[in-house]
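Student: I'll drop the sequence and a predicted model, then ask my questions.
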Amino acid sequence: MTSTLLPLFKALPAADASVDIWFNDQPLRVPGSRSVAAALLAAGIARFRATPVSGAPRAPYCMMGACFECLVEIDGVPSRQSCMVTVRDGMRIRSQEGARDLPPVAVSLEDAHGR
Ligand code: FES
């Protein structure tokens with residue numbers, strides 16, 4: 001009997017599919033076809049953001065979109081969950097220092113989150 005269930009996990013492409021990104025103006029070559037968080041962690045980045053109140057460093061924790069510890073700015077859009085975004089060649093990523101700025105009046109909140 002053949003199972004019709006979808007696989008829970010999908011195989012990642014070969015490790016040779018690297019992409020070039022920028023993190024805080026530092027060029028990095030990272031594994032592609034992964035989340036931004038996984039790619040940055042693989043490149044040795046351990047500080048993704050600072051808390052708005054104390055400035056304490058934060059890094060990804062859950063890697064599944066639940067904890068919001070992985071927030072970064074991606075291509076100018078603040079507060080992106082880096083564990084939920086697939087890394088792409090040429091991405092400009094910045095650590096998020098404290099609270100993000102409010103979006104300009106002309107940009108809706110929906111656009112500010114890239115959805
Ligand atoms: S690591 Fe928890 S939401 Fe991204």
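Tutor: Right, received. Where do you want to start? These numbers come from a predicted model, not from an experiment. Residues are numbered from 1 along each chain as shown.
Student: Could you count how many residues lie near residue 62?
Tutor: Burial of residue 62 is recorded as 13 neighbouring residues (other CB atoms under 10 Å). For every residue, glycine as well, the C-beta is placed using N, CA and C.
Student: Show me the helices in the protein, by range?
Tutor: Along the chain, counting by DSSP state H, helices occupy 36-42, 109-112.
Student: Close to the ligand: what parts of the protein are there?
Tutor: Proximity of the chain to the ligand, by CB under 6 Å from any ligand atom, involves residues 37, 60-63, 65-70, 81, 83.
Student: and if we set it to 5 Å?
Tutor: 60, 62, 63, 65, 67, 68, 70, 81, 83 (CB under 5 Å from any ligand atom).
Student: Neighbour-wise, which one of the residues you listed leads?
Tutor: residue 70 (27 neighbours).
Student: Pull up the gap between the closest residue to that one other than its chain neighbours and residue 99, please.
Tutor: Counting by CB to CB, 6 or more residues apart in numbering, residue 60 is the residue found nearest to residue 70 once chain neighbours are left out, at 3.9 Å. Look at residue 60 and residue 99: by CB to CB, to the nearest Å, they are 19 Å apart.
Student: At the geometric centre of this protein, which residue sits there?
Tutor: residue 82 (1.7 Å; CA atoms, centre = their mean).
Student: What distance do you get for that residue to residue 8?
Tutor: 22 Å.
Student: Same question for residue 52.
Tutor: 36 Å.
Student: With residue 17 instead?
Tutor: Relative to residue 8, residue 17 is positioned 22 Å away (CB to CB).
Student: Looking at the two now, which is surrounded by more residues?
Tutor: Higher neighbour count among residue 17 and residue 8: residue 17, with 12 against 5, using other CB under 10 Å.
Student: which residue packs closest to residue 23, ignoring adjacent ones?
Tutor: For residue 23, the spatially nearest residue (CB to CB, 6+ apart) is residue 93, at 4.9 Å.
Student: what's near enough to touch that neighbour?
Tutor: 21, 22, 23, 24, 36, 40, 72, 73, 74, 75, 82 (CB atoms under 8 Å, 6 or more residues apart in numbering).
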